[in-house]
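Novice: Below is the structure, and that's it, no one-letter string:
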């Protein structure tokens, strides 16, 4: 099954819905001209469909392999990665200061979707390098930057993030790995688990970013420091030299993303792994958060990217597969199940929510572009708040919905969907990790409700609502019937967000708030989805391609009618209150 | 991970919610005394946890294996099956006339759950035999009955159902397999796919029930006949003799239920497979429907049975796993994530919906018991309608929700859930087939809305609503605050079912009705769930175990507050109407 990048759809959303032009007008993004943006989308689409997509199924079947000598990736992966790096894809959104192309994060969001749609297990490798680059670029000494950044930006070396330990999971306060100072470096000791691409054979070096505690560090999260631990120590000329004492001791047997090695990493089994402190001691957690917003946005993109591939596969099958008399499209000669109303419902359920998730991710990426590049500090601050508010929604909602849609992709295939060779099942298996890693949905929900809503007294949410009301006014002014229908849906969404946020801001019992957080996150997703689709409706007025415009209007209307009502279920779940059922003794559950 | 049969929960629902005593009072069920019922649940629970559960994970890893000589099941399966048959479990609900124990289908529903919770891939084998037994018992000649029934009832031989062909899928009108009369039998030729346990090494014979066309049969579904095609032809003394020309030519590589061989069966590659006509020619489809309600109920049971195992695993993990400070249960020394509010929310989401699905399946099974055994023909007719109305809801809703809950079971494990060895992922993989086989959710939805609602002018739904209103009156009469909360939820559910059924009964465009069918099915599931939980609330008044009663009330309240609101989303999806978005040309999707 081939992948075809939805560049037309992307270009429409970038140009007419999220304002690519405004982002390109920011200082530092002068190169992101319309021509360049279009060319990059075009080329990325080609690379994804011609180089990455053909490796996806075979990569899943072969999987990554571990041996004493190290991890090997499936046939063709090393060559594809080399092409990927040589074509400059790895450095797309990195600063030109370190050899990147300095393109906006907004454009990078569109391009990343293509990597993950065509081959999520492959796309994870640059995703992790990106996080590591940001941590070093933002917090490390010039010496470390000079030694590592350019080669990681180009993709010559890859990066990893080593947070989790077996006993600690998501609770970083429980991290036990140690780092003992010795001369100009530290000796790192400890075991880390779930390390994506912790070892592989695609590049000559791998740079680990590792959380560990120095000897006198305070307990808990305030005693964690961040270290650069290269697989191969560097020679005086900067090339990889002696093997460091950091090894992958095993890889996991997983439900999906088989080709992406998930490593158990052991640091310092022998003489101690040489590590270099990033920034100051005990500030490691703060540095990790630098990477985390971006990594979470990237995983949110994965969520709908895999669903996009599942959609393309399901649509192709539904066009081809004949079964019983069809009820739609009798005037065409298409007799595939795509013309069964219930199959059409499933396909539009997929496509409309993928579109909403895409707009949300673009909004989030654009917000960070404004936050990083706008001339006015107050505007930067506002967009930072916006990006940080949207991040847990993009990560949480788009991955939860992404799994549902991949499951629907299986369903559309009927019995064939359950057969591995069909390919639909792989997308479901792959997607299932996205609501888990980089912080589970529960963690995103706590982040959204706690740190991003209650902590600032609802300022970020109020600003979002203000922007939604501007769209409301535009819909009211438009006067066309599609805009009126959108306005109805958007009004409900605004009321839901406003009421439920006020309700939760008043909540004083932390257990009650925590129990409501997941419903709050899902409500925010579905309701801001109405905002996204309202802007799509307005944007169609600018379109000359009438068939494409009518499809966009149909997807928007479908979303308002069939999908947005799910917000109401989560609204009621919160409003009905968090009764004493949570206090039932766990022993009798 | 051990499985522990929820016998206490089952016994409560059987005795106090669905009326086991009324079923046991039906003519023919005299043996189903309370003592016998309790003993059977107890023994079945033991067999499931001691014999079947230990084979589940290893069976998934080994999978069934194909060779020219036939299919082999994983280590220990043959022995377990022999024990299963020898203990008499296969014949539990079959008529004593053919060697069965004649227990009510209601009890059998409870017992079947245990097989599927502990080992779904194993449980499928008797599930298919059951369908085959019913087809033969209901429609075959005495000669065929005598030759096959007793050995299939005892489990000495297993049965299969051969409907699907590669080009036909769910569309039986397109069946092409042929059956040519020759003397006292027919020669059957053709290929069938997705044949569960089409070949295996656990028994000395396998009896295939095969749909095929006789030479002069009319086109479409009116020209299909049903045949018995044994793997080994019978000797004069009834023992298995010569190999018949029916072979498994390959097995599928599937997402889940790896130990259950899904066979491509080839009939008549050489001299033709000897088959015996069941009933009359051209009535095969009607005979298949005989089995189908029961098989669909059984798959609905699978849906929540797998979720029950996923729940038990997630609960055990959540009690054991420590991570960060807990917000609930501070007065106990349990610091596991079970005391994180969001984890508690997920666990109760699982348990409350499993309970609702269990009540629905019990109601459906009890209805068929009444339909088969009640002395009064009018009562039988009414309960037949009830069983047939509930069947697509049980099959459709409980399997869709079952997949969601198995996915939630993975989520509760965090990163560990994605690791195959943890076991949570297997439940998700296994469960994913349940909304597909025995008719996809779309097919169930069409059955529910078309044949079970519109076809009889809503009579079955009206009768259901009448029973729900009786519960409403009982809640109003009860006067305790839990009953008042239940009444609120039940009233909403009754209104939703009533309004939406009336709306759809008036719908004249078949495409619009078909597009609404899935939302109708899901609404019916969530809304009848409120009825189930309302009866649970009333039933707690009879309980002496106050801790157990408070758990039941907590689960019910959780369901009313958090789960039942999903009915509203499906209600709005239908009410918002089926606009022209379905008419968008599929070519631009």
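Specialist: Cool, the structure landed. Predicted model only: the values in this text are computed from it and were never measured. Numbering: from 1, shown residues only, chains lettered A, B, ... in the order given.
Novice: CA only for contacts and neighbour counts going forward, please
Specialist: Noted.
Novice: Around chain B, which positions in the stretch 1-150 of chain A sit nearby?
Specialist: By CA under 8 Å from any CA of the partner chain, no residue of the stretch 1-150 of chain A approaches chain B.
Novice: quick one: the strands in the stretch 1-150 of chain A?
Specialist: Assigned strands in the stretch 1-150 of chain A, in chain order: A:65-67, A:70-72 (criterion: DSSP state E, counting those that start in this stretch).
Novice: Including distance to residue B:248, could those strands go into a markdown table?
Specialist: Below are these laid out as a markdown table (distance: least, CA to CA, whole Å):
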| stretch | distance to residue B:248 |
| --- | --- |
| strand A:65-67 | 33 |
| strand A:70-72 | 37 |
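Novice: Need the winner for burial among those strands.
Specialist: Highest mean neighbour count of the strands of the stretch 1-150 of chain A: strand A:70-72, a mean of 19 (counted as mean count of other CA atoms under 10 Å in any protein chain shown).
Novice: So what are the sheet partners of that one and their directions?
Specialist: Within its sheet, strand A:70-72 is paired with strand A:65-67 (antiparallel), according to DSSP bridges.
Novice: Nearest to residue A:183 among the strands of the stretch 1-150 of chain A would be which one?
Specialist: Residue A:183 lies closest to strand A:70-72 among the strands of the stretch 1-150 of chain A, at 29.4 Å (CA to CA).
Novice: How far away from the center of its chain is that closest one?
Specialist: Relative to the chain's own centre, strand A:70-72 is displaced by 26 Å; criterion: CA atoms, centre = their mean, to the nearest Å.
Novice: So what touches it?
Specialist: A:64-66, A:199-201, A:248, A:261 (CA atoms under 8 Å, 6 or more residues apart in numbering or on different chains).
Novice: 10 Å - rerun?
Specialist: Identification of contacts with strand A:70-72 by CA atoms under 10 Å, 6 or more residues apart in numbering or on different chains yields A:63-66, A:78, A:197-202, A:247-251, A:259, A:261, A:263.
Novice: And the residue nearest to residue A:575 when sequence neighbours are not counted, how far from residue A:451?
Specialist: Distances taken as CA to CA, 6 or more residues apart in numbering or on different chains place residue A:500 nearest to residue A:575, at 7.5 Å, with adjacent residues excluded. Separation of residue A:500 from residue A:451 (CA to CA, to the nearest Å) stands at 16 Å.
Novice: Could I get the full set of strands for chain A?
Specialist: With DSSP state E as the criterion, chain A has strands at A:65-67, A:70-72, A:158-162, A:178-182, A:185-196, A:206-212, A:225-230, A:232-234, A:240-243, A:246-251, A:262-267, A:273-278.
Novice: rewinding a little: and of the strands of the stretch 1-150 of chain A, who's closest to residue A:584?
Specialist: Closest approach to residue A:584 among the strands of the stretch 1-150 of chain A is made by strand A:65-67 (45.4 Å; CA to CA).
Novice: can you count the residues close to the closest residue to residue A:288 other than its chain neighbours?
Specialist: Among residues not flanking residue A:288 along the chain, residue A:135 sits closest, at 7.0 Å (CA to CA, 6+ apart). Residue A:135 has 24 neighbours, counted by other CA atoms under 10 Å in any protein chain shown.
Novice: ok, which residues in the stretch 151-300 of chain A are in contact with chain B?
Specialist: Residues of the stretch 151-300 of chain A lying near chain B by CA under 10 Å from any CA of the partner chain: A:164, A:166-174, A:193-194, A:252-257, A:262.
Novice: my guess is residue A:181 meets residue A:212, correct?
Specialist: No: Residue A:181 is beyond contact range of residue A:212, at 11.8 Å (criterion: CA atoms under 10 Å).
Novice: Closest approach to chain B from the stretch 351-500 of chain A, which residue is it?
Specialist: Closest residue of the stretch 351-500 of chain A to chain B, CA to the nearest CA: residue A:419 (4.5 Å).
Novice: still on that earlier bit, any shared contact partners between residue A:181 and residue A:212?
Specialist: The contact lists of residue A:181 and residue A:212 share A:188, A:277, where a contact means CA under 10 Å, 6+ apart.
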